[in-house]
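Q: sequence and computational prediction follow.
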Amino acid sequence: MRKKFVAGNWKMNKTISESVALAADVAKRLSDAMPSCDVALAPTFLAIEPLAEVLRNTPIKLAAQNCHFENDGAFTGEVSARMLKHAGCHYVILGHSERRQYFGETDELINKKVKKALAEGLEVILCVGETLEQRENDETKKVIVSQVSHCTADLSIDDMKRITIAYEPVWAIGTGQTATPDQAEEVHRLIRFFIASLHTDELANDITIQYGGSVKASNAKELFAMPNIDGGLIGGASLKADEFVQIVHSFS
Ligand code: PEP
């Protein structure tokens, strides 16, 4: 069955102690009013282990923001999926546009990471999205279909069941410029049709597709009300406990 899912991507923000305080605040607020969706937080790597402790016995799962495609070895500065799993992560975010833009990650590299993360027992939040230039050139469909097919190449249906797709138009990330519910819904529907053509109708119907890009408490309800939008990947607004928890409670 398709799940509703909201995840907070804290990016390179918060020290360990600040992360612990924010996670505890989110957990406390959600214990007062239980969420009707799955919830995950993606802190900096350094805070993953301390947060595993803070979030024990809460409904909130831990996510990492990236991983390497090997388990170990001479890859200075990298963190492997296996390490993340052992540290208490349930999910890893892969293919975020900031990784693509600033660190040169390609669909082929992301595909290798996706396969390793799944093999190590993590679930994947796979980000896809077009730039403003691509949208203006009418290339959105081509770009999204290409990213989904290359990043999920060689995955079985069982693998795909452990993937959440996050549609994040690059022009909407951190800009305050949210896609309208209709703009987002159009791409979510396209992704679902495309998954059906690659795999099965059942998988396409069951896969969770989050929207990401300047989601706030003030616009989450109308986005989450769309039939093919199953929640959100939240950046800036996940750094404030009250705002994030309001977003989590935005399903009608
Ligand atoms: C993100 O980085 O995944 C994101 C959606 O950021 P923001 O909510 O700040 O636009």
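A: Now that the structure is in, tell me what you want to look at. Residues are numbered from 1 along each chain as shown.

Q: pull the contacting residues for the residue in the stretch 101-250 of the chain positioned nearest to the ligand.
A: Nearest to the ligand in the stretch 101-250 of the chain, going by CB to the nearest ligand atom, is residue 235, at a distance of 2.1 Å. All C-beta atoms are positioned from the backbone trio N, CA, C, and that covers glycine. Residue 235 makes contact with 8-9, 11, 173-174, 212 under the criterion CB atoms under 8 Å, 6 or more residues apart in numbering.

Q: distance of residue 168 from residue 194?
A: 16 Å (CB to CB, to the nearest Å).

Q: repeat for residue 14
A: With distances taken as CB to CB, residue 14 is found 36 Å from residue 194.

Q: all strands for the stretch 151-252 of the chain, in order.
A: 163-167, 208-211, 231-234 (DSSP state E, counting those that start in this stretch).

Q: most packed of the ones you listed?
A: strand 231-234 (a mean of 29; mean count of other CB atoms under 10 Å).

Q: in PDB, list the C-alpha atoms belonging to it.
A: As requested, the backbone C-alpha atoms of strand 231-234 are provided in PDB (Å, rounded to 0.1, in the frame of the first residue of the first chain):
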ATOM      1  CA  GLY A 231       4.200  13.800   1.200                       C
ATOM      2  CA  GLY A 232       7.300  16.000   1.100                       C
ATOM      3  CA  LEU A 233      11.100  16.200   1.400                       C
ATOM      4  CA  ILE A 234      11.500  19.300   3.400                       C
END
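
Q: which residues sit against that strand?
A: The contact list for strand 231-234, computed with CB under 8 Å, 6+ apart, reads 4-9, 37-38, 93, 125, 127, 166, 168, 208, 210-212, 215, 220, 223-224, 244, 247, 251.

Q: report the mean per-residue pLDDT for it.
A: With pLDDT averaged residue by residue, strand 231-234 scores 98.

Q: next one: that strand to chain centre, how far?
A: On the basis of CA atoms, centre = their mean, to the nearest Å, strand 231-234 sits 7 Å off its chain's mean C-alpha point.

Q: residues near residue 201, how many?
A: Counted with other CB atoms under 10 Å, residues neighbouring residue 201 total 12.

Q: any idea how far it lies from residue 193?
A: On the measure of CB to CB, residue 201 and residue 193 end up 10 Å apart.

Q: against residue 130, how distant is residue 169?
A: Taken as CB to CB, the span from residue 169 to residue 130 is 6 Å.

Q: out of the contacts of residue 235, which are close to the ligand?
A: 9, 173-174, 212 (CB under 6 Å from any ligand atom).

Q: which of those are buried?
A: 9, 173, 212 (16 or more other CB atoms under 10 Å).

Q: for those, give me TSV that also has distance to residue 135.
A: Output for these, formatted as TSV (distance: CB to CB, whole Å):
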residue	distance to residue 135
9	22
173	13
212	15
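
Q: may I ask which of the residues you listed comes out lowest in pLDDT?
A: residue 173 (92).

Q: what's the closest non-adjacent residue to it?
A: Excluding the flanking residues, the one nearest residue 173 by CB to CB, 6 or more residues apart in numbering is residue 213, at 5.1 Å.

Q: just the ones in helices from the contacts of residue 235, please.
A: Assignment to helices by DSSP state H places none of those there.

Q: so is stretch 214-231 next to the ligand?
A: Yes: residues of stretch 214-231 contacting the ligand under CB under 6 Å from any ligand atom: 214-215.

Q: how about that stretch: buried residues?
A: Buried residues in stretch 214-231 (16+ other CB under 10 Å): 214-217, 219-220, 222-224, 226, 228-231.

Q: of all the residues you listed, which two lie farthest apart?
A: 217 and 228 (21.5 Å; CB to CB).

Q: now do the contacts for residue 244.
A: Applying CB under 8 Å, 6+ apart, the residues contacting residue 244 are 6, 8, 26, 234, 237-238.

Q: cool, thanks, signing off.
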